[in-house]
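Visitor: can you look at this prediction? I've put the sequence above it.
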Amino acid sequence: MAPTDKESKIIPVIGEQSTSDVVVRLRTQEGRDEWMYCHSAVLVKNCKYFADRLSENWPTCQILGSRNCVDVNCQESDFDYYVNVIRVLYIVDDDSSVDDLWLGVRNNLGILQVAVVLDCPKIVAACVSYLEAVAWEETEEEEILKIVPKMGLQAEPILARVQPVNEVAIRNVFLSALRFVMSSPPSTMNDLKSSAQEQLDYMLTEDDDAPLLIADDDIKLEVKEGAKRLFSGFNNSLIHLFCGSTESLSEAGNVSLFRSYLNDLFWVCQILSKLEIMRDFVECWFDASEKIVKVLKQESSTAEIVELKLRAVEITSKVVEAIAYGTVILPTAKRLQVLKLWLPFVRLAKPMIDSAMMNSENAVLPKLDGEMWPSMESSFVSIILALPSGDQAVLLTEWLENAHIRYPDLTEAFEVWCYRSKVARRRLSLLEDDHVMTNSV
């Protein structure tokens with residue numbers, strides 16, 4: 001029986017010296033020199049570089065009898081990739097799958113660069129398909145972003161996942177994540193909820209790059225409405241604990257629910273601050289403050305309760321900051337009430353929180369922003385100095401008589417109050433003199 005075409009076809013094997021008709025000589029500046037016995041039919045078919053070098057128009061170097069020699073100069077760091085590309089030329093010529101040959105993103109990227117230099121379309125296409133399909137680590141992605149954009153249209157599919165997204169798509173993702181977070185998902189979805197909260201915050205953050213999303217009025221309204229719903233549920237839990245219930249906060253389920261509300265309120269407070277729409281939140285926190293303080297003060301200082309106190313202090317820090325620097329304008333009576341409620345609470349809570357933070361067993365406590373205590377102290381001082389002098393005197397008297405005088409340190413407010421009080425009569429008399437002179441004219 002005569003052999004079939006498939007049976008009679010001889011498949012060239014790289015390195016087979018007896019059938020080789022060309023030697024590829026890889027050389028580096030460091031003196032590395034390696035000969036690879038190859039077959040011109042394979043090289044020419046799948047690589048334009050070798051097709052040009054082995055054409056009749058290119059002067060060739062004859063070595064070892066009738067074999068042609070092609071010198072290929074390369075960098076030492078790329079040497080192995082050149083070897084791999086020449087080997088892969090034999091695989092793509094045989095129409096075999098190359099999917100299992102890349103051995104990772106970095107190896108593939110090196111092969112791709114060499115394949116582009118040598119103009120090997122099949123290998124380039126296979127590399128692009130691989131890189132476009134697999135996951136990248138962060139360092140690999142950075143390397144890809146340095147290399148691939150220089151390769152032109154043939155490598156564009158690789159960059160599809162890192163192209164800028166249109167504003168409509170960004171907005172849709174933001175709103176979907178926001179509605180999920182604000183829907184009070186079950187505790188089994190806490191990990192997803194925390195991740196969504198982090199990414200929503202990140203989308204609005206201006207760092208080395210501009211924010212991913214510039215919120216319009218509709219988005220701001222959605223955030224405000226979600227905050228109101230959170231406060232509504234929080235207020236119901238406060239009423240349950242504060243008004244006639246025989247349950248305490250420490251009882252099963254109450255701590256977990258209270259923690260969840262405080263965590264959500266702390267997160268939404270940060271979002272509202274970024275969007276510069278804190279007024280409603282400040283008003284709601286003011287309305288709930290008396291109940292919050294009373295509920296937390298009556299509890300024992302277990303690690304869980306200290307965690308709740310820390311969250312309440314963190315939220316209060318954001319609230320008093322908004323009041324102190326005029327982001328939210330409150331009347332004098334409300335500003336004074338904020339100080340009367342939270343100054344005593346913070347004085348007692350700080351040493352308790354600091355002690356718990358130093359105790360390695362209390363890993364349950366959230367990470368504390370190191371700037372919170374000095375920032376809140378500065379906010380308290382600013383609010384005090386904006387009050388009528390008589391109200392300032394009452395607060396300073398209470399501060400000077402208190403055993404917890406170290407924090408918050410109201411020395412600056414005390415010094416300014418003393419100066420203003422001393423010169424007040426002189427200033428007032430000057431104003432009265434100016435008034436008399438103006439009327440006489």
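Guide: Cool, the structure landed. Numbers count the residues shown, from 1 in each chain.
Visitor: my read is that residue 250 contacts residue 305, right?
Guide: Yes. In this structure residue 250 lies within contact range of residue 305 using Cβ atoms under 8 Å: 6.9 Å. Backbone N, C-alpha and C define where each C-beta goes, glycine included.
Visitor: out of the two, which sits in the more crowded spot?
Guide: Counted by other Cβ atoms under 10 Å, residue 250 and residue 305 do not tie: residue 305 has more neighbours, with 19 against 13.
Visitor: okay, and the more buried one sits in which element?
Guide: In the assignment (DSSP states H and E), residue 305 maps to helix 303-324.
Visitor: buried ones in the following helix or strand past that helix?
Guide: Downstream of helix 303-324, the first helix or strand assigned by DSSP H and E is helix 332-358. Neighbour counts over helix 332-358 (16 or more other Cβ atoms under 10 Å) mark 335-336, 338-339, 341-347, 349-350, 353, 356 as buried.
Visitor: circling back: report the buried residues of the helix holding residue 305.
Guide: Of the residues in helix 303-324, those buried (16+ other Cβ under 10 Å) are 304-324.
Visitor: one more: stretch 181-194?
Guide: For stretch 181-194, using 16+ other Cβ under 10 Å, the buried residues are 181, 182, 193.
Visitor: one step back: and the helix holding residue 305 with helix 332-358, angle?
Guide: 140 degrees (axes from the mean of the first three to the mean of the last three Cα atoms, to 10 degrees).
Visitor: model confidence score at residue 437, please.
Guide: Model confidence at residue 437, given as pLDDT, is 44.
Visitor: report all helices and strands that the helix holding residue 305 contacts.
Guide: When contacts are defined as 3 or more Cβ pairs under 8 Å, 6 or more residues apart in numbering; DSSP states H and E, helix 303-324 sits against helix 254-275, helix 279-297, helix 332-358, helix 372-385.
Visitor: which parts of this protein belong to which domain?
Guide: Structural domains assigned to the chain are 9-162, 215-369, following automatic domain parsing.
Visitor: redo those as TSV? Include mean pLDDT.
Guide: Below are the domains of the chain laid out as TSV (pLDDT from 0 to 100):
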stretch	mean pLDDT
domain 9-162	86
domain 215-369	88
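Visitor: want to throw those domains into JSON lines with distance to residue 396?
Guide: Shown next, in JSON lines, are those (distance: least, Cβ to Cβ, whole Å):
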{"stretch": "domain 9-162", "distance to residue 396": "53"}
{"stretch": "domain 215-369", "distance to residue 396": "11"}
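Visitor: which one of the ones you listed lies nearest to residue 207?
Guide: domain 215-369 (12.0 Å; Cβ to Cβ).
Visitor: for that closest one, how far is the first residue from the last?
Guide: Terminal residues of domain 215-369 lie 26 Å apart, using Cα to Cα, to the nearest Å.
Visitor: go on, stretch 141-155?
Guide: 14 Å.
Visitor: in that stretch, what's buried?
Guide: For stretch 141-155, the neighbour count (16+ other Cβ under 10 Å) marks 143, 144, 147, 148, 151, 154, 155 as buried.
Visitor: so the first one belongs to a strand, correct?
Guide: In other words, residue 143. No. Per DSSP: H, G, I helix; E, B strand; the rest coil, residue 143 lies outside any strand segment and is helix.
Visitor: which residues touch it?
Guide: By Cβ atoms under 8 Å, 6 or more residues apart in numbering, the contact set of residue 143 is 106, 109.
Visitor: now the nearest residue to residue 167 once chain neighbours are set aside: phi and psi?
Guide: Of all residues not flanking residue 167 in the chain, residue 213 sits nearest, at 8.0 Å (Cβ to Cβ, 6 or more residues apart in numbering). Main-chain torsions, residue 213, degrees, to the nearest 10: phi -130, psi 130.
Visitor: burial measure for residue 249, as a count.
Guide: Residue 249 has 19 neighbours, counted by other Cβ under 10 Å.
Visitor: distance check, it against residue 303.
Guide: 14 Å (Cβ to Cβ, to the nearest Å).
Visitor: follow-up on the earlier one: what's the closest of the buried residues of stretch 141-155 to residue 405?
Guide: Nearest member of the buried residues of stretch 141-155 to residue 405, counting by Cβ to Cβ, is residue 143, at 57.1 Å.
Visitor: for this structure, which segments are assigned as strands?
Guide: 22-27, 33-38, 61-63, 67-73 (DSSP state E).
Visitor: which residue comes closest to the residue nearest the centre of the chain once chain neighbours are left out?
Guide: For the chain, the residue nearest the mean C-alpha position is residue 202 (5.0 Å; Cα atoms, centre = their mean). Spatially, and ignoring its direct neighbours in sequence, residue 202 is nearest to residue 212 (7.5 Å; Cβ to Cβ, 6+ apart).
Visitor: how about residue 384?
Guide: Closest to residue 384 by Cβ to Cβ, 6+ apart is residue 413, at 4.5 Å.
Visitor: burial of that neighbour, as a residue count?
Guide: As a burial measure, residue 413 scores 21 neighbours (other Cβ under 10 Å).
Visitor: got the contact list for it?
Guide: 380, 381, 384, 385, 392, 396.
Visitor: residue 274: which of those residues is nearest?
Guide: residue 380 (23.1 Å).
Visitor: what sits closest to the closest one if chain neighbours are left out?
Guide: In space, residue 380 is closest to residue 408, 4.9 Å off (Cβ to Cβ, 6+ apart).
Visitor: what's the answer for residue 289, then?
Guide: residue 341 (5.0 Å).
Visitor: residue 51 too?
Guide: That would be residue 44: by Cβ to Cβ, 6+ apart, it lies 4.5 Å from residue 51.
Visitor: now for that neighbour: which residues touch it?
Guide: 50, 51, 54.
Visitor: any idea how far residue 68 is from the last one?
Guide: Right, the one you point to is residue 54. 6 Å.
Visitor: same check, this time on residue 321
Guide: As judged by Cβ to Cβ, residue 321 and residue 68 stand 77 Å apart.
Visitor: next: residue 227.
Guide: Separation of residue 227 from residue 68 (Cβ to Cβ): 76 Å.
Visitor: go on, residue 210?
Guide: On the measure of Cβ to Cβ, residue 210 and residue 68 end up 57 Å apart.
Visitor: then residue 328?
Guide: Counting by Cβ to Cβ - residue 328 and residue 68 are separated by 82 Å.
Visitor: try residue 176
Guide: Going from residue 176 to residue 68 by Cβ to Cβ gives 62 Å.
Visitor: then residue 304?
Guide: For residue 304, the distance to residue 68 - Cβ to Cβ - is 80 Å.
Visitor: same question, residue 250
Guide: 87 Å.
Visitor: again, but for residue 171
Guide: 61 Å.
Visitor: and what of residue 212?
Guide: 56 Å.
Visitor: what do you get for residue 194?
Guide: For residue 194, the distance to residue 68 - Cβ to Cβ - is 64 Å.
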